[in-house]
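Undergrad: Just the structure for this:
(2 chains)
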Amino acid sequence: MCDIFPRGGFSLQTIDLRREYRLGRETIAALGGVDLSINKGEFVAIMGPSGCGKSTLLNLLGGLDQPTAGKVLLDGHDLSVYSEEELASLRREKMGFIFQRHDLFPVLTALENVEFPMLLDKTPLKERRRRADELLDLVGLSDKSGHLPDELSGGEQQRVGIARALANAAQILLADEPTGNLDSATSAEIIDALVALARARGLTLVMVTHDPEVAAHADRILQLKDGRLQAGNGDSK
Amino acid sequence: MTLAYAWRLVTRNLRRTATYLFGLALAVGLFSGILFFVDATARQMTATALASVQLDLVAHAVTPNMDLSAVVTKLASQRGILAVEPVTVADFTSAVKVSGAQPSPAGRLFAVNLSYFQTFDLVQVTEGHLDSVGVMVCEEMAIAQGLRVGDTIQLTFAGLDRPISLPITGIVNMSNADALFATSTEAENAIVANLVFVDSGWFITNLQPKLEPLVSNPPVSLPVGSILLDQQAHVRIDRSQLPANPTRAALFTAALRRELERQFPGRLKATDNLSGAFRNASADVLSAKILFIFLGLPGVALAAYLAKFAAELFAEAQRRELSLLRTRGATPSQMAGIIAVTSTFLATGGSVLGLFFGLLLLLVSAGRQVGGMLNPFAPGFDWGLFANSAGLAFLAGLGLTFFAAFIPSFSALRSEITQERRTARRMEPAPFWKRMYLDVILLASAGIVLIVMQLSGGFKPSANEAVTVQLSFYVFLAPFFAWVGLILLTLRLVETGLKASAAGLAAGFRRLFGEIGEVAGKSVARHARRISAAIAVIALTLSFGISLVFFQQTYTTEKQLDAQYVVGSDIRFTPALNTPQSAEIAAQLQVSGVTGVTAVARDTHVLIGSEKDVVYGIDVASFRQVAYLPDSFFVNGSAKQTIDALTNHTTHYAPGSTRQVLDALASTPNGIIISVERAEMYNILVGDPLLMRLYNRTTNTYIDVTAKVVGMFVYFPTSAYDSDFVLNRDFMTGSSGNPTMDFFLLQTDRRPGTITQVSDALAAQYRKIMPVRIQNTQTVIKAEESSLTSLNMGGLGRMEQVYTVLVTSVGLAIFLLAMINERQREFGAMRALGANLGHLRRFLFSEAFTIGGLSLVIGAGVGVLLARMLVMLLGIIFTIPAQGLSWPGLELLVLAGFVLAGMIISSLISARRLASMKVVEALREL
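TA: Numbering: from 1, shown residues only, chains lettered A, B, ... in the order given. The predicted structure follows:
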């Protein structure tokens, strides 16, 4: 496998992580004190019923949201001290996001979508084109590089999403229900590809999923209920 | 329940509701503002038309021996009547100065009360006064018979054995008194030159008893058409009670006239001097309405499009919410009810807001011009007219909401539940107009209409200057086709251009906006349809604002030029006939602010052939410095093209020059320049001799004079109606033996206020010396303010400019905010992938830059084109047809400045929206 990026991932740790939302006069506790730690290179699946706070936890881990209380430590660094711009920079350089709805930019081709994070990072055109080509090849879509997203199937769009997530030197991949909109056969293909890529690079992979078959690939499964981790789920193996 | 739910739907998302309400208020506001402005202008035009009517109604006694004082008392008590004055009229057969030998023609005597001259402004007392035992004579009579205050005059009446002798106690100017000659029958309605005024009391005591017996048995010596004794009541009505609409005002005065006659059935006949003014004003008001509505409606249409666009944003979100209701078991009739009630709330709120907005806008932009007429507490405020216009605008708002919000939501009820639940991405075919090339067809149609109009002579006002200019919608057909065609062509070309230049845009935007610009450039190219729609709306709004600025400037300039043509220069100073002046007083008229004076002689009794004509005499050297003399006034009389035109009765004359024609006149002592009409009529060419007979006042005989035709003109200053011949002044005065000048033309330094200052200074200087008439370009413009040629476009222009700035700014804001709204997930994904706020702002600004920049360029180009078309079509309404556009440099800069500022503010507001967007919320699955 082509070794495009340096090996190794980040470790993640949360300390009494809480997130509350105000809804009218009520305060909803989406997360009620979560303590967990994820090792470098580990694949962790987060499962739980709808509304239990899985996506909230993932967003906090990725610095997309700010906790009401508690801390998120990325490789020992507290994310709360980072400014919005620094977090954006961190996401751009060190993290990769894979969304349930892939969220490819509809006006950019598959190749341009994969180039996007590198473009933000001011990677020269030739270099980013080369890397994007290689990434698309990696996910088996080099013949579809000039297609717009609505010209691709659901599975193909998700693969482009994965390629995009790997575009920069991502050390950690955060995937929110990446197979949620796909059929079982395609889901299996996607998960196999994603896990293989992550393991090959030693990336830390945190995935939110409903699917036990997907979760079965993980090194560890965290069960979340009512905003709290179930007993014995916080620490790594 | 339906009501409550609909109310919550409207109030729950205030931002969405406010966007739609604002869009609707803009459209309704502009529409209502234009309607209110049209109403106010109509009222103003009616009032100005009435201002020239000095005598509203005249009631004639048709039976003899009426008790005039009883008539006056009864009429004065009628509702709507301000004042009534008794007037008795009797014609005299001769009037001769005691100890004078001048032949004395017949004339007319008016017996009036002293108060008459305060009640009515028909007659100006230029010297002396009316007293109980004296007589005032008119200026013409005073000059002709050498009469002065203190002389005694003898008046002879048909049927009376002895003449009446009276001392002359005053002299009056009758130049404004044509209304005095309206009698009860058309046959007698002729203007009489020799007029005298006596006190009513003296007349009743001394003359009336002698004339009354003759009425039933008129003397044989009474000339045909003369008046033996006519008792009249002159009526002044309360004009504040008149409706603003001239048609309704005409009905009002007709009813008043009938009411007066009913007070003395069979014994009183009233004539109405207001109907003619109302008739003219009606035609002009209709033309003004057509013009204003045409100029304003495109702005309304564009604002309505924005409102529709805003409604689509509302409807899209509403559809998703309603589809949820459907999944939870709401029935179609419940859903329909919710949609209907929601639409009604929005329509009512937006329309009411729009009406207030329209009034506010009108007050801000045209307050000085129309403010008083919008005061509902002022007497005579026309509530009917106001309610009419407000109702129309309100209905328009309801209609717009019906089509823009209700129908799309209602038709979505028929769709599958799941389709509505999903955010639909539809593959739409190219629109109908595009496939049918409607843009090309419309532009071609505009061209054809223009060509056909030009070939058939174009839009020409009536040759009879007394008939008002009338506009029809037909005149605006070509601009309308051109405007719609240009909208569609803009859409097509911009969309095609953007799609084709994706790579270029990406590269260019990268240079301008950094790395994110590359993505923005591709985004602009691939969202070309949406972006081109935004550009079309904003560019066309701008184009109309720009075209109106040009049209207004050109209109104002032409109005001024017309006034200069009518006056001759900036000011015309005319001494009274009884105080003739020679050219020497020109030096006294050089007061501060005056840069040049020229004296002009005028003879109204020149015989040319068998016709009596008016001939002017000018001093070429001073005249060419002072008078308004563009080259377009003159033709090359010697050119074959001109000769052919005269022979073939066309108007395709060879263009001439002022210098050429006036040089020829200056170098030929007996030279004469003539109008092309007369040249054609008499078959005269340049070089031909022209025989005329001038009246010599020294010898009291006509003398034959031969002039040589040295040039021809189409127009000549001051001679809007009556001059076709212009001589050298010295030749004319030498031949006629009459050194007096008819008037003097004054040119000022043209600084603001100088014309009025000089006019006032001269009026004050000569008030106690001699009667004079001072006319300047401002008074001419003001006097014409009821006509289409002198509309005050300022108010409408300012309103349109405010709307141009508003609609372009708000339009851009709505498009940008809609873009942010629709692409929230994209922006959320960008943030998640590491784009910072600066990246997103630059992305937004790149779209704003594209829309704003292209809109400015396209809007400016289309605006100039439209203005050119409007001026070409309407310029002919002026006496001097407009030759081209007048460039309003300052106004354009101000407009461009405000538009740019508006666009920048809109972009910044949209960027704030972007900054306040929460990434997590943007990415959340709806």
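
Undergrad: all strands in chain A, in order from the N-terminus.
TA: Counting by DSSP state E, one finds strands in chain A at the ranges A:12-23, A:26-38, A:43-47, A:69-74, A:77-78, A:95-98, A:172-176, A:204-208, A:220-225, A:228-229.

Undergrad: residues making contact with the fifth one?
TA: It stands for strand A:77-78. A:71-72 (Cβ atoms under 8 Å, 6 or more residues apart in numbering or on different chains). For every residue, glycine as well, the C-beta is placed using N, CA and C.

Undergrad: do the last one as well
TA: For strand A:228-229, the external contacting residues (Cβ under 8 Å, 6+ apart) are A:31-36, A:222-223.

Undergrad: That strand pairs with which strands?
TA: strand A:220-225 (antiparallel) (DSSP bridges).

Undergrad: can you pull the alpha-carbon coordinates of the partner strand into PDB?
TA: Presented in PDB, the C-alpha positions along strand A:220-225 are these (Å, rounded to 0.1, in the frame of the first residue of the first chain):
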ATOM      1  CA  ARG A 220     -13.300  -1.400  21.400                       C
ATOM      2  CA  ILE A 221     -17.000  -0.600  21.600                       C
ATOM      3  CA  LEU A 222     -18.200   2.200  23.800                       C
ATOM      4  CA  GLN A 223     -21.800   2.100  24.800                       C
ATOM      5  CA  LEU A 224     -23.400   5.400  25.500                       C
ATOM      6  CA  LYS A 225     -26.800   5.800  27.100                       C
END
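
Undergrad: who touches it?
TA: Around strand A:220-225, the neighbours that count as contacts under Cβ under 8 Å, 6+ apart are A:34, A:36, A:42-49, A:52-54, A:57, A:215, A:229-230, A:233-234, A:236-237.

Undergrad: now swap in stretch A:131-138 and tell me
TA: Applying Cβ under 8 Å, 6+ apart, the contact partners of stretch A:131-138 are A:1-2, A:4, A:110-111, A:114-115, A:118, A:123, A:142, A:144-145, A:160, A:163-164, A:166-167, A:197.

Undergrad: what comes up buried for it?
TA: By neighbour count on 16 or more other Cβ atoms under 10 Å in any protein chain shown, the buried set for stretch A:131-138 is A:131-132, A:135-136, A:138.

Undergrad: now do stretch B:712-727
TA: By neighbour count on 16+ other Cβ under 10 Å, the buried set for stretch B:712-727 is B:712-720, B:723-727.

Undergrad: Residue of the stretch 501-650 of chain B nearest chain A, please.
TA: Per Cβ to the nearest Cβ, residue B:526 is where the stretch 501-650 of chain B lies closest to chain A, at 3.9 Å.

Undergrad: returning to that earlier point: may I see the contacts of strand A:228-229 arranged in a markdown table, with pLDDT as well?
TA: Converted to a markdown table, the contacts of strand A:228-229 look like this (pLDDT from 0 to 100):
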| residue | pLDDT |
| --- | --- |
| A:31 | 88 |
| A:32 | 87 |
| A:33 | 87 |
| A:34 | 89 |
| A:35 | 90 |
| A:36 | 89 |
| A:222 | 90 |
| A:223 | 90 |
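
Undergrad: hmm, which of the residues you listed are the buried ones?
TA: Buried among the contacts of strand A:228-229 (16+ other Cβ under 10 Å): A:31, A:34, A:36, A:222-223.

Undergrad: between those, which is nearest residue B:894?
TA: Nearest to residue B:894 among these is residue A:31, at 56.6 Å by Cβ to Cβ.

Undergrad: Please verify my assumption that the closest one contacts residue A:18.
TA: Yes: between residue A:31 and residue A:18 a contact is recorded at 5.5 Å, counting by Cβ atoms under 8 Å.

Undergrad: which residues are in contact with both of the two?
TA: The contact sets of residue A:31 and residue A:18 overlap at residue A:67 (Cβ under 8 Å, 6+ apart).

Undergrad: Around chain B, pick out the residues from chain A.
TA: A:55, A:59, A:62, A:64-65, A:84-85, A:88-93, A:95, A:97, A:99-101, A:103, A:105-108, A:112, A:116-117, A:119-122, A:150, A:164, A:168 (Cβ under 8 Å from any Cβ of the partner chain).

Undergrad: Kindly supply the ChimeraX command isolating those of those that are buried.
TA: Remark: buried members of the residues of chain A next to chain B, expressed as a ChimeraX selection using 16+ other Cβ under 10 Å:
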select /A:55,59,62,64,65,88,89,90,91,92,95,97,99,100,101,103,105,107,108,112,116,117,119,120,121,164,168
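
Undergrad: before we move on, back to that, confidence-wise, which of the buried residues of stretch B:712-727 comes last?
TA: Within the set of the buried residues of stretch B:712-727, pLDDT is lowest for residue B:720 (59).

Undergrad: residues in contact with residue 57?
TA: No chain was given, so I picked chain A. Counting by Cβ under 8 Å, 6+ apart, residue A:57 touches A:14, A:17, A:31, A:34, A:46, A:208, A:224.

Undergrad: nope, chain B please
TA: Contacts of residue B:57 (Cβ under 8 Å, 6+ apart): B:234-235, B:237, B:253, B:256-257, B:260, B:270-274.

Undergrad: Bridging across strands, which residues link to residue A:205?
TA: Bridge pairing for residue A:205 (DSSP bridges) gives the partners residue A:43, residue A:173.

Undergrad: was I right about it contacting residue A:44?
TA: Yes: the criterion here is Cβ under 8 Å, and residue A:205 meets it with residue A:44 at 7.2 Å.

Undergrad: Of these two, which one has the most company?
TA: Set side by side, residue A:205 and residue A:44 show more neighbours around residue A:205, with 26 against 23, by other Cβ atoms under 10 Å in any protein chain shown.

Undergrad: So the residue of the stretch 501-650 of chain B closest to chain A is in contact with residue A:107, correct?
TA: Yes: Residue B:526 is in contact with residue A:107 according to Cβ under 8 Å; the separation is 3.9 Å.

Undergrad: Can you pull the residues that touch both of those two?
TA: By Cβ under 8 Å, 6+ apart, residue B:526 and residue A:107 have no common neighbours.

Undergrad: okay, residue 41: pLDDT?
TA: Reading this off chain A. At residue A:41, the model reports a pLDDT of 89.

Undergrad: Not quite, go with chain B.
TA: We have a pLDDT of 76 for residue B:41.

Undergrad: out of everything not next to it in sequence, what's closest to it?
TA: Nearest non-adjacent residue to residue B:41, counting by Cβ to Cβ, 6 or more residues apart in numbering or on different chains: residue B:288, 5.9 Å away.

Undergrad: In a helix, the one you found, correct?
TA: Yes: membership of residue B:288 in a helix is supported by DSSP: H, G, I helix; E, B strand; the rest coil.

Undergrad: circling back to that earlier point, give me the subset of the contacts of residue B:57 lying in helices.
TA: Among those, the members falling in helices are B:253, B:256-257, B:260, B:274 (criterion: DSSP state H).

Undergrad: which pair in the residues you listed spans the largest distance?
TA: Maximum pairwise distance in the ones in helices among the contacts of residue B:57, criterion Cβ to Cβ, is 13.0 Å, between B:260 and B:274.

Undergrad: what's the following helix or strand after the helix or strand bottoming out on mean pLDDT in chain B?
TA: Least confident element among the helices and strands of chain B, by mean pLDDT, DSSP states H and E: helix B:417-421 (a mean of 47). Elements were assigned by DSSP states H and E; along the chain past helix B:417-421, the next helix or strand is helix B:432-435.

Undergrad: Please point out which parts of that next one sit buried.
TA: Going by neighbour count (16+ other Cβ under 10 Å), the buried part of helix B:432-435 is residue B:433.
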